[in-house]
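**Q** What follows is a predicted protein model with its sequence.
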Amino acid sequence: MAASGRKRKKSRQVWKTPIALLALALAIALITRTHVIGKGGRPESKGVRIFYDEVQARKYSTSSRMINVQTQMTKRALELLELNLNRTTLILDVGCGSGLSGQVLSNHSARWIGIDISSAMVEEATKRAVEGEIVLGDIGTGLPFREGVFDAAIGISCLQWLCSDETYEQPEEVLRLFFKSLRDCLTPNGRAVFQFYPRLKSDSQMVEKSARKAGFKGGILVDNANSPRNAKHYLCLSLGTKQSFIKEAQRERWEKKAEDRKSTSQIKTKAPASFNSDSKKRRSKRRLNRFPQANQALSPTLPSQSQKRSKYSGRKRHQKKRRGRETGVV
């Protein structure tokens, strides 16, 4: 009995050693990290086909929170498009999912066609009996539509999938193919607005650069930029002349560059107003001291023009004294 008691004490002491505690902490961290990535992490880490299975598609389509967020972002995208929507307007919904954003387009009297890579999402949209037509396809390999078909295009939470290394081996090449095919299927004055969640700052730069190489004009507009958690990035593009929504998207980038320029540059500026006023006061006192009689009669202000030009003022007074010393006349 005594020997067994000693063994138990030794086993309890083993767990108190630093190495054992460190190993236990690492195991807990690994389990927690796996749980977070699997459920609460970014979906791009698993791939769109794996993440959006039948269960996730059903949850996404029936969640009131996701429906509200999707509706708000779609309405914001339509505001940025600045289009007069009617039954003749045909819009492409990139990454349409189960048709939540397409339902907003239908409520605004617009015809739409959607494309999505997830078969589970397409099946869910068919069950919901959405008004638009949905095509099953991978936008990373290009859009399978004829040239000049769509007046505009929107995409809600889809571009970040193209920037993911886990989904595609070469994101830059994938973005190049996507924007090239998008340019072809839009009308000559077509517009596009894409809401996306960049994982890194380089993702935003890569997306914007790829769009410009394809011939688009525009930039990225960020709503709620001061709140990283609630920030929404919108890529505003146009094939025609620069529209007002593109200027709005570029204005934020210009303001940010101007702030950075002000903070980093060391430009010589004029002295502050307080310093200038003090120096003026000192100069005025010096000038008044040259005229003791006028200083008694006048208030302490700057001398008049006649006093400035007097023969007894400044350099002329000193020149007269110097001549008097030279000639012997005081």
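**A** On my side now, so go ahead. All figures in this text were calculated on a predicted structure; none of them were measured in a lab. Residues are numbered from 1 along each chain as shown.

**Q** how about the helices in the stretch 151-300 of the chain?
**A** Under the criterion DSSP state H, counting those that start in this stretch, the stretch 151-300 of the chain contains helices at 159-162, 171-185, 201-213, 244-264, 273-289, 292-297.

**Q** I'd like the average pLDDT over the last one.
**A** Spelled out, it's helix 292-297. For helix 292-297, the mean pLDDT works out to 52.

**Q** start at 730 instead
**A** Shifting the count to begin at 730 puts that one at helix 1021-1026.

**Q** Using the three-state scheme, assign L814.
**A** coil (DSSP: H, G, I helix; E, B strand; the rest coil).

**Q** do you know how far it is from N836?
**A** 10 Å (C-beta to C-beta, to the nearest Å). Using the backbone N, CA and C atoms, a C-beta is placed for each residue, glycine as well.

**Q** Have a look at these two and say which one is more surrounded.
**A** Counting neighbours by other C-beta atoms under 10 Å for L814 and for N836 shows that L814 has the greater number, 17 against 13.

**Q** List the residues that contact the more buried one.
**A** Listed by C-beta atoms under 8 Å, 6 or more residues apart in numbering, the contact set of L814 reads 807, 834, 837-839.

**Q** residues near R1051, how many?
**A** Using other C-beta under 10 Å, the number of residues around R1051 comes to 10.

**Q** first vs last residue of stretch 872-888, how far apart are they?
**A** 14 Å (C-alpha to C-alpha, to the nearest Å).

**Q** one step back: rank the helices of the stretch 880-1029 of the chain by pLDDT, which is bottom?
**A** Across the helices of the stretch 880-1029 of the chain, the lowest-scoring stretch is helix 1021-1026, with a mean of 52.

**Q** Which one (most neighbours) among the contacts of L814?
**A** L834 leads the contacts of L814 on contacts (other C-beta under 10 Å) with 25 neighbours.

**Q** any idea which element that residue lies in?
**A** According to DSSP states H and E, L834 maps onto helix 829-836.

**Q** Contacts made by that helix with the rest, please.
**A** Helix 829-836 is contacted from outside by 790, 795-796, 799-800, 802-804, 807, 814, 820, 822, 825, 841, 843, 854, 859-861, 863, 883, 885, using C-beta under 8 Å, 6+ apart.

**Q** List buried residues within these.
**A** Burial by neighbour count, 16 or more other C-beta atoms under 10 Å: within the contacts of helix 829-836 this picks out 790, 795, 799-800, 802-803, 807, 814, 820, 822, 825, 841, 843, 854, 859, 861, 863, 883, 885.

**Q** out of these, which are inside strands?
**A** Judged by DSSP state E, the subset of the buried ones among the contacts of helix 829-836 located in strands is 820, 822, 841, 843, 863, 883, 885.

**Q** Tell me the one of the residues you listed nearest L753?
**A** Using C-beta to C-beta, I885 is the member of those that lies nearest L753, at 43.0 Å.

**Q** which one of the contacts of L814 sits closest to E937?
**A** Within the contacts of L814, proximity to E937 (C-beta to C-beta) peaks at L807, which comes in at 21.3 Å.

**Q** Ramachandran angles for the residue nearest to that closest one when sequence neighbours are not counted?
**A** Among residues not flanking L807 along the chain, H837 sits closest, at 6.4 Å (C-beta to C-beta, 6 or more residues apart in numbering). With angles defined as degrees, to the nearest 10, H837 sits at phi -100, psi 20.

**Q** Check the gap between H837 and A881 for me.
**A** Taken as C-beta to C-beta, the span from H837 to A881 is 12 Å.

**Q** One more: L814?
**A** Shown here: L814 relative to A881, a distance of 9 Å by C-beta to C-beta.

**Q** Could you list the low-confidence segments of the chain?
**A** Along the chain, the parts satisfying pLDDT under 70 run over 730-751, 754-781, 894-896, 970-1046, 1054-1059.

**Q** thinking again about what came up before, hmm, the residue nearest to L807 is touching E808, no?
**A** No. Using C-beta atoms under 8 Å, H837 is not in contact with E808; the gap is 10.8 Å.

**Q** Need the residues touching each of those two.
**A** With C-beta under 8 Å, 6+ apart, H837 and E808 have no common neighbours.

**Q** and the end-to-end length of stretch 837-850?
**A** One end of stretch 837-850 to the other measures 23 Å (C-alpha to C-alpha).

**Q** Which secondary structure state does K1050 sit in?
**A** K1050 - assigned by three-state DSSP - is helix.

**Q** what about it, how many neighbours?
**A** For K1050, using other C-beta under 10 Å, the count is 11.

**Q** From L809, how far out is it?
**A** As judged by C-beta to C-beta, K1050 and L809 stand 79 Å apart.
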